[in-house]
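Student: A predicted structure for the sequence below; I have some questions about it.
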Amino acid sequence: GNSVTQMEGPVTLSEEAFLTINCTYTATGYPSLFWYVQYPGEGLQLLLKATKADDKGSNKGFEATYRKETTSFHLEKGSVQVSDSAVYFCALSGFGNEKLTFGTGTRLTIIP
Amino acid sequence: GAVVSQHPSRVICKSGTSVKIECRSLDFQATTMFWYRQFPKQSLMLMATSNEGSKATYEQGVEKDKFLINHASLTLSTLTVTSAHPEDSSFYICSAEGTSGYYEQYFGPGTRLTVT
């Protein structure tokens, strides 16, 4: 079945540091890949997505590239801010399947 | 666009009572909505898939009679926790499937249920 393996947290960085949160997946066919962000006490917000190999999703300075050869979708940001502190979830939806499979989430804390 | 609301945001109920949570897609129609449960510091657990006009599809291990789901219109799905017990206390999140064709989901802000 489908699965998502996500870098375990928590991750603590200083403001303006470079961020990478690793995500790898297992799926048959051609899944769509997503990063969601959850701020404290809130639901999930779609951060970015990629629907085919080599696509790059980007939003709010975050980027992730769909790498089929390495089955990865790592999240990166060049310079993080305190407001980026949240839990980040990597997810996929299988080809022809509407259900989302989530990773376990990575808690990110940015300190001034 | 693609805003999903949930009501209430927080609810406290006594053990043995039932509580209803609403999930609405505000600016788009959603034939499919999902209900998740999130435990502290954990990922989301899919409870059921709700399709407008038909019975919900429950994930393995989720009690259908305890978690009643109704998707009566293209913009509203409800989850009713019946005969609630303290172990039902959790963060319940709904989502609605977008119309892009790539199965992306838009999430509500969640409902914190506390059963005393």
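Tutor: Nice, I can see it. Residues are numbered from 1 along each chain as shown, chains lettered A, B, ... in the order given.
Student: going forward, measure contacts and count neighbours with C-alpha atoms only.
Tutor: Fine.
Student: return the per-residue confidence for A:Ala53.
Tutor: Residue-level confidence at A:Ala53 comes out at 93, pLDDT.
Student: three-state assignment of it?
Tutor: Applying DSSP: H, G, I helix; E, B strand; the rest coil to A:Ala53 yields a three-state assignment of coil.
Student: what's it in contact with, if anything?
Tutor: By Cα atoms under 8 Å, 6 or more residues apart in numbering or on different chains, the contact set of A:Ala53 is A:Tyr66, A:Arg67, A:Lys68.
Student: who's in contact with the one residue in chain A that gets nearest to chain B?
Tutor: In chain A, no residue comes nearer to chain B than A:Gly43, which is 3.9 Å away by Cα to the nearest Cα. If you count contacts by Cα under 8 Å, 6+ apart, A:Gly43 has them with B:Ile93, B:Phe107, B:Gly108, B:Pro109, B:Gly110.
Student: the third one: what's it in contact with?
Tutor: The one in question is B:Gly108. For B:Gly108, the contact set (Cα under 8 Å, 6+ apart) comprises A:Gly43, A:Leu44, B:Val3, B:Val4, B:Ser5, B:Gln6, B:Cys23, B:Ile93, B:Cys94, B:Ser95.
Student: and these, which are buried?
Tutor: For the contacts of B:Gly108, burial is judged from neighbour counts taken by 16 or more other Cα atoms under 10 Å in any protein chain shown, and it is met by A:Gly43, A:Leu44, B:Val4, B:Ser5, B:Gln6, B:Cys23, B:Ile93, B:Cys94, B:Ser95.
Student: which two of those residues have the greatest separation?
Tutor: Pairwise distances across those peak at 14.1 Å for A:Leu44 and B:Cys23 (criterion: Cα to Cα).
Student: for chain A, give me the ranges with low pLDDT.
Tutor: Applying pLDDT under 70 to chain A picks out residues A:95-97.
Student: what parts of it come near chain B?
Tutor: Along chain A, the residues adjacent to chain B under the rule Cα under 8 Å from any Cα of the partner chain are A:32, A:42-46, A:51, A:89, A:93, A:97-99, A:102-105.
Student: go with 10 Å
Tutor: Contacts of chain A with chain B, taken as Cα under 10 Å from any Cα of the partner chain, map to A:31-34, A:36, A:38-39, A:41-46, A:49-51, A:87, A:89, A:92-107.
Student: and those residues, which are buried?
Tutor: Among the residues of chain A next to chain B, those that count as buried by neighbour count (16+ other Cα under 10 Å) are A:31-34, A:36, A:38-39, A:42-46, A:49-51, A:87, A:89, A:92-95, A:98-107.
Student: not counting its neighbours along the chain, what's nearest A:Arg107?
Tutor: Setting aside the residues directly before and after it, A:Arg107 is nearest to A:Val87 in space (Cα to Cα, 6 or more residues apart in numbering or on different chains), at 4.2 Å.
Student: quick check: that neighbour is in a strand.
Tutor: Yes: secondary structure assignment (three-state DSSP) places A:Val87 inside a strand.
Student: where does chain B get nearest to chain A, which residue?
Tutor: Among the residues of chain B, B:Pro109 lies nearest to chain A; the distance is 3.9 Å by Cα to the nearest Cα.
Student: what's the neighbour count on A:Glu8?
Tutor: Residues lying near A:Glu8 (other Cα atoms under 10 Å in any protein chain shown) number 14.
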